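>>> Sequence first, predicted coordinates after that:
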Amino acid sequence: MIDLARRACAATVLGGPTTVIDLGGLRIVSDPTFDDAGPSGHLTKLTDSPVDAAELGAVDVVLVSHDQHADNLDVRGRAFTLEAPLVLTTESSAPQLGGRAVGLKPWSSHAVPRPDGNGELTVTAVPAVHGPEDAERDADGFVTCEVIGFLLAGEDLPTVYVSGDNASIRVVAEIAKQGPRVDAAILHAGAARVPVRHGGRPLSLDSRRAAAAAAVLGAPVVLPAHYDGWAHFAEGRAEIELAFEEAGLSGVLRSVPHGSWVALR
């Protein structure tokens, strides 16, 4: 049984991209997916969610990197999101996610009051490229669809980067250059591949690019997510661990079972 009691400053991955982040007295959930295994549109979920959404208790903020794909927001995840007091997402996804959803463009921010009495948590949207850099882009300049990542920061708190479905090291370098120093990174890895999209090339970080992203960011804590539970994820925990070992970065990787809490400091 997974222990979901609130922590002071920690995160746990529940499977797929779904991550619970307890920070500054707030409980934050990113890309919630709670459906049982089975087909979901053109994708297939391989494992049931290890928890029911209700087990998370009161949630303060939901982060949705994009709402177009079931592996980032499934049916139960969407219902959970529509009940949240605050949802931060892309400008195109916000209208689909209820009146409490705020659409953010890259490098815009939203301040969330902290119940611990220490001011605010600032959530900054950061760029993401959901596929190869050289892939054909739509009329709005997006590969596959509009996606963002997030930087979470506040006084006396570690800065946490949540990548969303980003496959671009150029984008990671931009974030490292323009943003604050990242203390902990939650990276969507797994080398998601869909044959009909961009020649089957990865739509998210593969293992080696996840290690490269960790090196570019210089983050002392890296928690991988989005690498299992769905048939189109091409690389799993073993490939991630090997890539970080070969890069000399095993010391920063927190490769732990789902439901295990990782300190973010």
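Perfect, I can see it now.
>>> Count residues in the vicinity of residue 105, would you?
By other C-beta atoms under 10 Å, 11 other residues sit near residue 105. All C-beta spots, glycine's among them, are computed from the backbone N, C-alpha and C.
>>> And for it, nearest residue in space, chain neighbours not counted?
Across the structure, with C-beta to C-beta, 6 or more residues apart in numbering as the measure, the residue nearest residue 105 apart from its sequence neighbours is residue 91 (5.8 Å).
>>> Find me the pLDDT at that neighbour, would you?
Predicted confidence (pLDDT) for residue 91: 97.
>>> Next: the one 10 residues further on.
With respect to pLDDT, residue 101 scores 98.
>>> Equivalent analysis for the one 3 residues further on, please.
Looking at residue 104, its pLDDT stands at 98.
>>> try the one 5 residues further on
In the predicted model, residue 109 carries a pLDDT score of 98.
>>> Quick one: residues contacting it.
By C-beta atoms under 8 Å, 6 or more residues apart in numbering, the contact set of residue 109 is 122-125.
>>> That one bridge partners, please.
residue 124 (DSSP bridges).
>>> quick thing: my sequence starts at 29, can you match it?
In the new count, where the first residue is 29, that last one comes out as residue 137.
>>> on that earlier part again, okay, the residue nearest to residue 133 and residue 131: tell me how far apart.
From residue 119 over to residue 131 the distance is 4 Å, taken as C-beta to C-beta, to the nearest Å.
>>> quick revisit: tally of neighbours for the residue nearest to residue 133?
The burial metric for residue 119, expressed as a neighbour count using other C-beta under 10 Å, is 16.
>>> next one: residue 271
Residue 271 is flanked by 23 other residues according to other C-beta under 10 Å.
>>> Enumerate every residue touching it.
For residue 271, the set of contacting residues under the criterion of C-beta under 8 Å, 6+ apart consists of 235-236, 238-239.
>>> Unless I misread the structure, it falls within a helix.
Yes: with the criterion set as DSSP: H, G, I helix; E, B strand; the rest coil, the secondary structure at residue 271 is a helix.
>>> Phi, psi for the residue nearest to it when sequence neighbours are not counted please.
By the measure of C-beta to C-beta, 6+ apart, the closest residue to residue 271 outside its immediate chain neighbours is residue 235, 3.7 Å from it. With angles defined as degrees, to the nearest 10, residue 235 sits at phi -60, psi -40.
>>> and residue 235, how far is that from residue 202?
22 Å.
>>> Those two: which is more packed in?
Between residue 235 and residue 202, counted using other C-beta under 10 Å, residue 235 has the larger neighbour count: 26 against 16.
>>> Leaving aside the residues adjacent along the chain, what's closest to residue 50?
Closest residue to residue 50 in three dimensions, ignoring its sequence neighbours and counting by C-beta to C-beta, 6+ apart: residue 35, at 4.2 Å.
>>> about what we covered before: can you tell me which of the contacts of residue 137 is nearest residue 39?
Distances from the contacts of residue 137 to residue 39 were compared by C-beta to C-beta; the smallest belongs to residue 151, at 14.6 Å.
>>> my guess is the residue nearest to residue 271 meets residue 273, correct?
No: taking contact to mean C-beta atoms under 8 Å, the distance of 10.4 Å between residue 235 and residue 273 leaves them out of contact.
>>> which residues touch residue 38?
When the contact criterion is C-beta under 8 Å, 6+ apart, the partners of residue 38 are 49-50, 289-292.
>>> Buried members of these into PyMOL, please.
Isolation of the buried members of the contacts of residue 38 (16 or more other C-beta atoms under 10 Å) is achieved in PyMOL through the command below:
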select buried, resi 49+50+289+290+292
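>>> Tabulate the contacts of residue 38 in TSV, adding columns for pLDDT, distance to residue 103 and secondary structure.
Converted to TSV, these look like this (pLDDT from 0 to 100; distance: C-beta to C-beta, whole Å; DSSP: H, G, I helix; E, B strand; the rest coil):
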residue	pLDDT	distance to residue 103	secondary structure
49	98	23	strand
50	98	26	strand
289	98	27	coil
290	98	28	strand
291	98	33	strand
292	98	30	coil
